[in-house]
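Chemist: A predicted structure for the sequence below; I have some questions about it.
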Amino acid sequence: MEEQETVAPEAAPKAKRAYKSRGKMSEAEKLMRDLDAGYKHNRKMIEKSMEECGKGTNTYLAHVKALDAQLLEYARFRREIGMLPKSVASQTTTEYIFKAHVGKGGSVQTTAVNTKQLHDIERAEEKEYKKGMSDSPEDEAIRARFEAQYGDEAVEREKE
C-alpha cells in the first residue's frame, strides 16, 4: 500500500469587519428587557379592559388609578436599580443661551453657553470695546455734541 501525503488544512480567511455578538445580553439587560415587556403587557391588558367599562363609572376610575399606580411603581423600580437618576430635575435644562460671533467674511459661529459663561464673555467683550477709548472730559463733550447734532433728538418733529 502506498502512503498518502497528509495536507495541512488551509487557515480560514480573516474577517473583513468585526461582527456583533448576538444573544449575549448581560443579566441587567435581560432584567430590563423583561421589566419593559412586562410593563407594556400589563398596560395593554388594563387599557383593553378599560374599553369595556363605561366612562365615569367606578370601574373606569379604578382602571385609571391602576394605570397610574403601575406607572409610578415602574418608575420607582427603575430609579432603584439605577436606570433613571434620583433627581431628573437636576439634569433638566430650563433655558437655552447661545452666543454668536460674526466674522469679517460673514461667517457665524454659534456656541451654547450657561449664564455664568455668558456674563464672563460679555465682561471680556466690554473690556475689549473700551480699549483705546478715552473717557476724558473733552471726549465726553465731543460725544455730547455729536449726540445733539446727529442723535435721535436731532430729528425735528413735524409741526401740527
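Modeler: Okay, I see it. Numbers count the residues shown, from 1 in each chain.
Chemist: okay, now the domains of this structure?
Modeler: 27-90, 97-153 (automatic domain parsing).
Chemist: could you dump those to TSV with mean pLDDT, mean neighbour count and distance to T6?
Modeler: (Each C-beta comes from the backbone N, C-alpha and C, glycine too.) Below are the domains of the chain laid out as TSV (pLDDT from 0 to 100; neighbours: other Cβ atoms under 10 Å; distance: least, Cβ to Cβ, whole Å):
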stretch	mean pLDDT	mean neighbour count	distance to T6
domain 27-90	86	12	47
domain 97-153	82	10	68
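Chemist: Output the ones you listed in CSV; the columns should cover distance to E10.
Modeler: Converted to CSV, those look like this (distance: least, Cβ to Cβ, whole Å):
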stretch, distance to E10
domain 27-90, 38
domain 97-153, 56
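Chemist: wait, which of these is closest to A8?
Modeler: For A8, the closest of these is domain 27-90, at 41.9 Å, according to Cβ to Cβ.
Chemist: Off-centre distance for that closest one?
Modeler: In terms of Cα atoms, centre = their mean, to the nearest Å, the centre of domain 27-90 is found 25 Å from the chain centre.
Chemist: do the same with stretch 116-136
Modeler: Centre-to-centre, stretch 116-136 and its host chain are 31 Å apart (Cα atoms, centre = their mean).
Chemist: which residues touch that stretch?
Modeler: I97, K99, V113 (Cβ atoms under 8 Å, 6 or more residues apart in numbering).
Chemist: just checking, what packs against the helix ranked longest in the chain?
Modeler: Counting residues, the longest helix found in the chain (DSSP state H) is helix 27-52. Here helix 27-52 touches helix 58-80, going by 3 or more Cβ pairs under 8 Å, 6 or more residues apart in numbering; DSSP states H and E.
Chemist: Report the separation between Y96 and Q109.
Modeler: Per Cβ to Cβ, to the nearest Å, Y96 is found 17 Å from Q109.
Chemist: OK, contacts around T94?
Modeler: Residues near T94 by Cβ under 8 Å, 6+ apart: none.
Chemist: Look up how far A148 lies from it.
Modeler: 45 Å.
Chemist: ok, now K30?
Modeler: From K30 to A148 the distance is 79 Å (Cβ to Cβ).
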